[in-house]
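In: Sharing a model that was predicted from the sequence below.
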Amino acid sequence: MNQYDEALKKETAFLGQPRGVGTLSFVQLCSSFSNYAMNAVMIYYLYANAPAGLGFDKADAAQLISLYATVVGMTTIIGSYVCDRILGCRRSLLVARVTGFIGYTLLAFPLGVVGYAVAMGCMVFGSLFAGRCIETLIGKFYDENDGRRDSAFTISYVISNIGAAAPALAGVIAAKCGYHAAFALSAVLSFLGTVAYIATYKKFFGNIGLEPDDPLPADKKRSFVVKMLIVVAIVGTVLAVSFATGKLKISSFANVVSTISIFIPLAYLVFIYSSKKTEKHEKKKVLCLLPPFICNAVTLLIWTQTISILAIFYEEKVNRVIFGVEIPAASFQTIPAIFAVCFGSFLTMLWTKLGKKQPFGTTKMGFGTILWGLGAMIIALLYIIYPGDAKVNAWWIVLFYAVLMFAEGFTCPIGYSITAVAAPKAFVTQMMTVWSMSQSVGAALNMILVNFYKEGSEVPFFIGIGAVVAILGAVVLAFSKKLAEGMGMEREA
């Protein structure tokens, strides 16, 4: 690494962090704003009757939401391979930003089911190239024991959650101007993030993340890319024809994908662990990352429910009048953004102030997971307090999100931070992607559990989920010191 790159790593111009981290945080902000705006209204768009929506039934709509999240998570492992071995983080991220923008733009036009399918295809293709490039690039700005690392990931997390204010705006726009206008908002913000990244591409990054960490020989690169594009085209065509002819149903396809997606990250962890490129001391780190990975997967199961099962709950069972104003159901997803920024900012300052006295990252992860379990139990409590057709007071939803977002402040940014420490040098981006695939595992588990979600079974359904999540968190909390030592983490990690 040259002197210019070393100087970039030592910068403190952005909240005590390098300017490149500032750019990546803004890109993350725009990306999350676009994604949150889309997700906030998507389920309602899917089951709204034509011409406003696509007319799917509610069960299929909920499974489509989870299916998209699962497939995105699955394809990121390919993207991380492309990043680590062919393009490098910087180029992969550029391709992903441009492709994502095209997807959002297609949704802004009334193109029906075909337009929706092509747009989702673009999103998936973008994630295929993206992997977890942003998190990997952030990690590359810090040495292994740089005390700023946890704060950097938490700052990025807080800023990205400012973008989660989008549902409030998207919900209002969808109610006033239609769903396609809300999707247009996503397209505009995606465009801004892409432009900002291109504008600072060289000045703020130098050579950091430009080249692959473990490059393929030049003669194999083109062959891999061509084969990958052919496979994507064939799979896309087969699925399109199968759905169009009615030979493949959404529910059956979702069940197959969910089963596969649960095992893919575990299989990839085995591959990384057994690779000759993974040193002996790195193998222990990989094993110690597995319990936090499982915790993150089950917490993201609960999060996926907030944009699928619970999104329908907000529309049908919640009294959405607050201070005399009826709030669109989609706008409820702004509430977590507010809490995420508040709690994330507080925790960032707390970790910075505590320095080496702060808890291990694994301790934070275990505690946060327990809180996620309590959040699920709050929903069960609401079904007990408000049985039948009784409407739930909206302030209960505020409390629910307060618990969830306080919990997320302990799990989401910390998970990426400990993964940055535990990742073998030959698999940095791929390990980040494996960690991110805990989201696809959570979404897959949700797709499976949706089959057991029946009217009248809500209380045992959510109590069961909450109890399992809380118990897993307690186990990680109990063994947090041993797990942290196994990863070779310093106290501030």
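Out: Good, I have the coordinates.

In: Strands of the protein, residue ranges please.
Out: For the chain, applying DSSP state E gives strands covering 318-319, 321-322, 325-326, 392-393.

In: Mean pLDDT added to the ones you listed, as JSON lines?
Out: Shown next, in JSON lines, are these (pLDDT from 0 to 100):
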{"stretch": "strand 318-319", "mean pLDDT": "90"}
{"stretch": "strand 321-322", "mean pLDDT": "80"}
{"stretch": "strand 325-326", "mean pLDDT": "81"}
{"stretch": "strand 392-393", "mean pLDDT": "92"}
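
In: Just put those strands in TSV and tack on distance to Lys357.
Out: Just so you know, the C-beta spots here come from the backbone N, C-alpha and C atoms, and that holds for glycine as well. Shown next, in TSV, are these (distance: least, CB to CB, whole Å):
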stretch	distance to Lys357
strand 318-319	42
strand 321-322	41
strand 325-326	45
strand 392-393	41
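
In: can the ones you listed go into a markdown table with extra columns for distance to Phe224 and mean neighbour count?
Out: Listed next are these as a markdown table, based on distance: least, CB to CB, whole Å; neighbours: other CB atoms under 10 Å:
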| stretch | distance to Phe224 | mean neighbour count |
| --- | --- | --- |
| strand 318-319 | 49 | 18 |
| strand 321-322 | 53 | 14 |
| strand 325-326 | 53 | 10 |
| strand 392-393 | 52 | 18 |
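
In: Between those strands, which one is closest to Arg85.
Out: Among the strands of the chain, the nearest to Arg85 by CB to CB is strand 318-319 (47.7 Å).

In: What helices and strands are in contact with that closest one?
Out: Strand 318-319 sits against strand 392-393, helix 394-422, with contacts defined as 3 or more CB pairs under 8 Å, 6 or more residues apart in numbering; DSSP states H and E.

In: ok, how many other residues are close to the residue lying closest to Asn207 once chain neighbours are set aside?
Out: Of all residues not flanking Asn207 in the chain, Asp5 sits nearest, at 5.5 Å (CB to CB, 6 or more residues apart in numbering). A count of nearby residues for Asp5, using other CB atoms under 10 Å, gives 16.

In: With adjacent residues omitted, what lies nearest to Lys481?
Out: Per CB to CB, 6+ apart, closest to Lys481 is Phe360, 6.4 Å.

In: distance between stretch 202-216 and the chain's centre?
Out: How far stretch 202-216 lies from its chain's middle: 24 Å, per CA atoms, centre = their mean, to the nearest Å.

In: JSON lines please, covering the helices and strands packed on strand 318-319 and showing distance to Thr334.
Out: Below are the helices and strands packed on strand 318-319 laid out as JSON lines (distance: least, CB to CB, whole Å):
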{"stretch": "strand 392-393", "distance to Thr334": "18"}
{"stretch": "helix 394-422", "distance to Thr334": "10"}
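
In: Phe33: which of these is closest?
Out: helix 394-422 (16.8 Å).

In: circling back: return the most buried member of the helices and strands packed on strand 318-319.
Out: helix 394-422 (a mean of 23; mean count of other CB atoms under 10 Å).

In: For that one, which helices and strands make contact with it?
Out: The contact analysis (3+ CB pairs under 8 Å, 6+ apart) places helix 394-422 against helix 133-140, helix 149-162, helix 280-306, strand 318-319, strand 321-322, helix 335-354, helix 361-385, helix 428-450.

In: so which of the strands of the chain comes closest to Asn161?
Out: Asn161 sits nearest to strand 321-322 of all the strands of the chain, at 21.1 Å, using CB to CB.

In: what residue lies at the spatial centre of the protein?
Out: Centroid check for the chain by CA atoms, centre = their mean gives Gln439 as the closest residue, at 5.9 Å.

In: Against Phe452, how distant is Phe462?
Out: The gap separating Phe462 from Phe452 is 12 Å, by CB to CB, to the nearest Å.

In: pLDDT score for the residue nearest to Met228 when sequence neighbours are not counted?
Out: The spatial neighbour of Met228 that comes closest, neighbours along the chain excluded (CB to CB, 6+ apart), is Ile78 at 7.1 Å. Looking at Ile78, its pLDDT is 77.

In: just Ala96 next, same as before
Out: Note for Ala96: predicted pLDDT of 90.

In: which residue sits closest to it, ignoring its sequence neighbours?
Out: Closest to Ala96 by CB to CB, 6+ apart is Ala130, at 3.4 Å.

In: where does the one you found land on pLDDT?
Out: 73.

In: is it true that it touches Leu94?
Out: No: contact criterion CB atoms under 8 Å: Ala130 and Leu94 do not qualify, at 9.8 Å.

In: And the two? Which one has more around it.
Out: Remark: of Ala130 and Leu94, Ala130 carries more neighbours, 28 against 18, as counted by other CB under 10 Å.

In: Can you report how many residues neighbour Asp57?
Out: 11.

In: err, Pro217, not the other one
Out: Neighbours of Pro217 (other CB under 10 Å): 7.

In: Also Phe339?
Out: Around Phe339 there are 20 other residues, counting by other CB under 10 Å.

In: Leaving out sequence neighbours, find the closest residue to Asn319.
Out: Lys391 (4.0 Å).

In: Am I right that that neighbour is in contact with Lys317?
Out: Yes: between Lys391 and Lys317 there is a contact under CB under 8 Å: 6.5 Å.

In: which regions of the stretch 51-200 of the chain sit below the pLDDT cut-off?
Out: Scanning the stretch 51-200 of the chain for pLDDT under 70 picks out the ranges 131, 144-145, 147, 164.

In: try the stretch 351-493 of the chain
Out: Where the stretch 351-493 of the chain drops to pLDDT under 70, the residues are 490-493.

In: and the gap between the residue nearest to Met228 and Leu64?
Out: In this structure, Ile78 and Leu64 are 22 Å apart, going by CB to CB.

In: Between those two, tell me which one has more neighbours.
Out: Between Ile78 and Leu64, Leu64 has the larger neighbour count (other CB under 10 Å), namely 23 against 18.

In: Which one of the helices and strands packed on strand 318-319 lies nearest to Lys364?
Out: Here helix 394-422 is closest among the helices and strands packed on strand 318-319 (CB to CB), at 4.5 Å.

In: just to revisit the earlier point, how many residues are close by the residue nearest to Asn319?
Out: Number of residues near Lys391 (other CB under 10 Å) recorded here: 12.

In: List the residues that contact it.
Out: Lys317, Val318, Asn319 (CB atoms under 8 Å, 6 or more residues apart in numbering).

In: Any figure for the gap between the first one and Phe332?
Out: Counting by CB to CB, the separation of Lys317 from Phe332 is 12 Å.
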